[in-house]
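mind folding the following:
(one chain, ligands or ions: 1)
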Amino acid sequence: MSAADDPREYDLDALRRRLLPERAGERSTSIPELAGADQHLCAIALALPDGSVRSSADGTKRFSIQSAVKPFLFALALADTDGGALDRLGIEPTGEAFDAIKLESGTGRPPNPMVNAGAILTCALVDGDGPEERAARIVTGLSAFAGRALQVDDDVSRSEHLLGDRNHALAHLMRDEGTLEATADDAVAVYARACAVLVDAEILAVMGATLAMGGVNPVTGERVVSARIARDGVAVMATCGVYDGSGRWMRAVGVPAKSSVSGAIVMSAPGTLGAAIVSPPLDELGTSVRGRIGAEALSADLGLHLFG
Ligand code: GLU
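Residues are numbered from 1 along each chain as shown. Coordinates of the predicted model:
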């Protein structure tokens, strides 16, 4: 292994410099906090099986996790329901946008846990009596994936809750179908808090590594979820994690990943490493433009493609 393809020596700042001239994409305008995000932010981080974490410049700049939280919500819901969440959710890709107002026909279940309907339901399936307890359980669970105590950005959470009309619509639809037991407003409130958890590229890479390493956080050594649950989380990232761009992503990058509207992408290369790339300008599918290009380069340079 040479320095060029050894993740312990790979030049993350050189990759960042390759990405910076790319100016395509627009920031999300869904909430004011994302519309005003620093569009020059660009960071790449790797978390390795030996517990080492490496990042480029900007690697400790914070942003809200947004949909990159969804694989971890799915894992927590599986853990808290003893796998029962699998009866309440589909796991098929939709070929549609993340917030499509659509449930599985015939069952009324969310199509998968990586789209908004599914993530709203996973938030309602974690342990806790009422929305505050469930939100607290989620923050504690995410902190175990991260290996440190995470915080919620209250402004982002408030905006998500107030302005997430499509999320409220999805929650009402699931109530109507009998899929969601919590009230629609409580379910969206918890989801809004989960999306508003603050991370940085290094933290997100460790979270991705915890799933990649069979549910054991490589930094703390803590088992966060079972190997089976970690495998389920990574499998659903592979098929559904980049929404209606999941097929294109698997072909080009070949590493299970979850995209998000904050421009963060978390990647879990099974048994190998966790990675995160963040840069706010998004393409038409809601994937970070620099993130996509960077992930392709990282996968090619480090030989990460699952079918490579
Ligand atoms: N909080 C965002 C929403 O619900 C998440 C979507 C995403 O990151 O793709 O609209």
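
and the lengthiest helix in the chain, what other elements does it pack with?
Looking across the chain with DSSP state H, the single longest helix is helix 131-146. Here helix 131-146 touches helix 70-80, helix 116-125, helix 184-195, helix 201-212, going by 3 or more Cβ pairs under 8 Å, 6 or more residues apart in numbering; DSSP states H and E. The C-beta positions use only the backbone N, C-alpha and C, and glycine is treated the same way.

now that helix: mean pLDDT?
What helix 131-146 shows for mean pLDDT is 98.

what sits up against that helix?
The contact list for helix 131-146, computed with Cβ atoms under 8 Å, 6 or more residues apart in numbering, reads 65, 69, 72-73, 75-76, 79-80, 123-124, 126-128, 149-152, 182, 186-187, 189-190, 193-194, 197, 199, 203, 206-207, 210-211, 217, 220, 222, 224.

and those residues near the ligand, which?
Residues shared between these and the neighbourhood of the ligand: none [Cβ under 6 Å from any ligand atom].

for S260, see how far away the residue nearest the centre of the chain is.
Nearest to the geometric centre of the chain sits A68, at 1.6 Å (Cα atoms, centre = their mean). Using Cβ to Cβ, to the nearest Å, one gets 4 Å for the distance from A68 to S260.

likewise for E104?
Computed as Cβ to Cβ, the E104 to S260 distance reads 23 Å.

for those two, indicate the residue with more neighbours.
Remark: of E104 and S260, S260 carries more neighbours, 28 against 18, as counted by other Cβ atoms under 10 Å.

contacts only, for that one.
65-69, 286.

mind putting those in CSV, secondary structure and pLDDT included?
Shown next, in CSV, are the contacts of S260 (DSSP: H, G, I helix; E, B strand; the rest coil; pLDDT from 0 to 100):
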residue, secondary structure, pLDDT
I65, coil, 98
Q66, helix, 98
S67, helix, 98
A68, helix, 98
V69, helix, 98
G286, coil, 94
